[in-house]
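Participant: got a predicted structure plus its sequence, pasted below:
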Amino acid sequence: MSAEAPKLRIQIQARYEELSILRAGFRDFLTQVGFPLGDGGIDEVLLALDEAATNILRHGYGVPGPEAEEEGQAPGVVDVEYSIEKGGLYLRLWDDGIPRTEGQFESLPPRTPGESGMGLEIMRHIMDDLSYERTAENRNLLIMRRSQGPSTWSKLE
């Protein structure tokens with residue numbers, strides 16, 4: 001019988017102030033499992049996590065920017081799971097926001113200039129693999145994978 005892959009699952013309310021819970025959980029998880037990301041790798045993956053969670057809040061749930069966020073009940077939840085599988089670090093984010101199509105997920109061509117819209121491009125450069133699917137439970141699922149080793153940020157150059 002094989003050992004279960006190390007994982008941590010966290011649920012937050014769809015509020016910007018709760019993103020710090022995801023960051024802290026990620027750092028704790030990496031400390032516990034000792035996954036080697038190389039110089040700057042932890043900060044890079046944290047940036048990809050921030051971009052993904054922010055996109056869910058802004059585009060999936062329609063939550064305005066943190067400066068305009070209203071008091072009251074959050075429009076939903078974001079479930080995040082960190083795991084080590086097949087030699088890679090996986091981040092999975094589920095939400096019940098507006099469904100996306102594969103075309104919407106892939107719609108921005110590389111290096112599209114603009115005030116916003118670069119989050120997906122940043123995630124693509126930091127992570128080795130990025131995929132989106134609609135689950136059988138009618139939830140959005142974003143899966144990001146990162147290999148062991150040194151920084152990949154140089155792919156932007």
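Facilitator: That came through fine. Values in this document were obtained by computation on a predicted structure and should not be read as measured data.

Participant: I'd like the next helix or strand past the lowest-mean-pLDDT helix or strand in the chain.
Facilitator: Within the chain, confidence by mean pLDDT, DSSP states H and E is lowest for helix 102-105 among all helices and strands, at a mean of 60. Downstream of helix 102-105, the next assigned helix or strand under DSSP states H and E is helix 119-126.

Participant: tell me what that next one is packed against?
Facilitator: Helix 119-126 is packed against helix 41-55, strand 129-134, with contacts defined by 3 or more CB pairs under 8 Å, 6 or more residues apart in numbering; DSSP states H and E. Backbone N, C-alpha and C define where each C-beta goes, glycine included.

Participant: residue ranges with poor pLDDT in the chain?
Facilitator: Along the chain, the parts satisfying pLDDT under 70 run over 1-3, 65-72, 102-117, 150-157.

Participant: if you set the cut-off to 50 instead, what comes out?
Facilitator: Low-confidence segments of the chain (pLDDT under 50): 1, 108, 111-112, 155-157.

Participant: distance of the closest residue to P75 other than its chain neighbours from L30?
Facilitator: Nearest residue to P75, sequence neighbours excluded (CB to CB, 6 or more residues apart in numbering): Y61, at 4.4 Å. Note on Y61: its distance to L30, by CB to CB, to the nearest Å, is 27 Å.

Participant: A5: what's it in contact with?
Facilitator: Contact analysis of A5 by CB atoms under 8 Å, 6 or more residues apart in numbering lists 83-85.

Participant: tell me what L141 is bridged to.
Facilitator: Beta-bridge partners of L141, counted by DSSP bridges, are W94, E133.

Participant: isn't it right up against Y132?
Facilitator: Yes - proximity of L141 to Y132 meets the contact threshold set by CB atoms under 8 Å, at 7.0 Å.

Participant: right, I'll leave it there.
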